[in-house]
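1. how does the following fold in three dimensions:
(one chain, ligands or ions: 2)
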Amino acid sequence: MRIVVLAGGIGGARFLRGLKQAAPDAEITVIGNTGDDIHLFGLKVCPDLDTVMYTLGGGINEEQGWGRTDESFAVKEELAAYGVGPEWFGLGDRDFATHIVRTQMLGAGYPLSAVTEALCARWQPGVRLLPMSDDRVETHVAIEVDGERRAVHFQEYWVKLRASVDAKAVVPVGAETAKPAPGVLEAIAGADVILFPPSNPVVSVGTILAVPGIREAVVAAGAPVVGLSPIVGDAPVRGMADKVLAAVGVESTAAAVALHYGAELVDGWLVDTVDAGAAAEVEAAGIACRAVPLMMTDVDATAAMAREALALAEEVRG
Ligand code: GDP
Ligand code: CA
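-> Residues are numbered from 1 along each chain as shown. Ligands and ions are numbered 1, 2, ... in the order given. Model prediction:
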C-alpha cells in the first residue's frame, strides 16, 4: 500500500511514528512543509523536515518534540558572547551540524529535495521524505503593533512572540511561483491513501496545499483523502493553532477545520470522542466522519489512530 502524508513538524512526525507501526509494510511518502524554513547565521534551517527526520530516525528530543536528543549549546553561547542573535531560536550544537551540511550542499547546487535525501541517508526515517518544493517559500504573519501593521517571519511570530498578538493574515510568500518538488505530484497521483495528520491546518498543511499543483493533485487523486483533527474539545491540543485559524476566519473546532478543507479535498475526517457531537455537521457537508480517541499519548495510541484513519479510507473508497 502506498500512503502519502502531508506533514508539518511535531504533530505530523508523531503521527507518522504511529502510522509506521500501524502499517509496517506500507510505502510511506511524506510531503513536508517548508514554509517554516528560516535562514539563521547564514544557515538554512528546515524545522519541519528535521522534526520528521529526527523523530522517525531516533534522534529527536522526546520531551521537547523538536531538536536533537543529548543536545549541548556551546555554539549558541559563543554566538551570544559576540552579541550575535537571534537568541530566541534554539539551535543546539548537534542540530547545527545538520544545517551546516544542508547549507553546504545547497551552496554546491543541490536542490533541497536531494539534500533532504542525503540527510535521510544517515537517519533512515523509514519513509520517503520530500520537501513540498525545492523553491523558497516563507510563511509570513501580518500583525499589528501600536496600530501599525507589519509582517514577521512565521518563526518570529510563533517562537519569539509565542503568538501573543493576533495574526491578521498568514501569507506563504513565494508559494504562488513555487513548483512541487520532484516526485511530489507523482506520489500523490500514485497513492492508495492520502492522509492529513494532526498538523496545523493553516501554516503546515495549508502551506503545502498552497504550492500550485499540489491541491489540484490531491483533489484529482483516485485515492481517498482522510484527515485527523488537530483540534480537540474546541482547542488545539498543543500550540497556538487557534491564532492562525482565526486569521483565515476559521473557528477552532474539529468541524470548522473539516469544513475549511471541504468535501472537495477530504473524503473522511476523524474527530476525537469528546467531539462526537460535531460528526453530524461534518457529515452534512459531505465528509464521512468518525469519532475515535485522537490523543497521541504514546506510539500505541497513535498507531490506533492511524488504523482508524486507514479504516475510514477503506470505507469511503466505496
Ligand atoms: P505541525 O503542524 O505538524 O508542524 O505540528 P504542530 O505540533 O505545530 O501542530 C500540530 C497540531 O496538531 C496542533 O494544532 C496541535 O493542536 C495538534 N496536536 C498536537 N498533538 C496532538 C494530539 O495528540 N492529538 C491531536 N488530535 N492533535 C494534536
Ligand atoms: Ca511547523
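
2. strands paired with the longest strand anywhere in the chain, and their directions?
-> Ordering each strand of the chain by length in residues (DSSP state E) puts strand 138-145 first. Here strand 138-145 has these sheet partners by DSSP bridges: strand 148-153 (antiparallel), strand 169-173 (antiparallel).

3. just checking, what packs against the helix or strand just after the shortest one?
-> Proceeding N to C from strand 169-173, the next assigned helix or strand is helix 184-189, under DSSP states H and E. In terms of contacts (3 or more C-beta pairs under 8 Å, 6 or more residues apart in numbering; DSSP states H and E), helix 184-189 is packed against strand 2-7, strand 27-32, strand 128-131, helix 214-220. (Glycine included, C-beta is placed from N, CA and C.)

4. could you check how far stretch 101-112 is from the centre of its chain?
-> Offset of stretch 101-112 from its chain centre (C-alpha atoms, centre = their mean, to the nearest Å): 22 Å.

5. which residues are contacting it?
-> Contacts with stretch 101-112, where a contact means C-beta atoms under 8 Å, 6 or more residues apart in numbering, come from 34, 42-44, 46, 114-115, 118-119, 131, 133-134, 181-182.

6. the same query, at a cut-off of 10 Å, please.
-> Applying C-beta atoms under 10 Å, 6 or more residues apart in numbering, the contact partners of stretch 101-112 are 32, 34, 37, 39, 41-46, 49-50, 114-119, 122, 130-136, 181-182.

7. just the endpoints, please. Distance across that stretch?
-> End-to-end distance of stretch 101-112 (C-alpha to C-alpha, to the nearest Å): 12 Å.

8. cool, and stretch 172-181?
-> From its first residue to its last, stretch 172-181 covers 16 Å (C-alpha to C-alpha).

9. what comes up buried for that stretch?
-> P172, G174, A175, A178, P180, A181 (16 or more other C-beta atoms under 10 Å).

10. quick check: the last one touching V30?
-> No. Applying C-beta atoms under 10 Å, one finds A181 not in contact with V30, separated by 11.6 Å.

11. shared neighbours, these two?
-> L130, P131, A187.

12. near ligand 1, which residues of this protein show up?
-> Residues of the chain that fall close to ligand 1, judged by C-beta under 6 Å from any ligand atom: 8-12, 48, 198-200, 204, 228-230, 232, 236-239, 241, 294-296.

13. ok, and of those residues, which contact ligand 2?
-> Among the residues of the chain next to ligand 1, the residues lying close to ligand 2 (C-beta under 5 Å from the ion) are G8, G9, D48.
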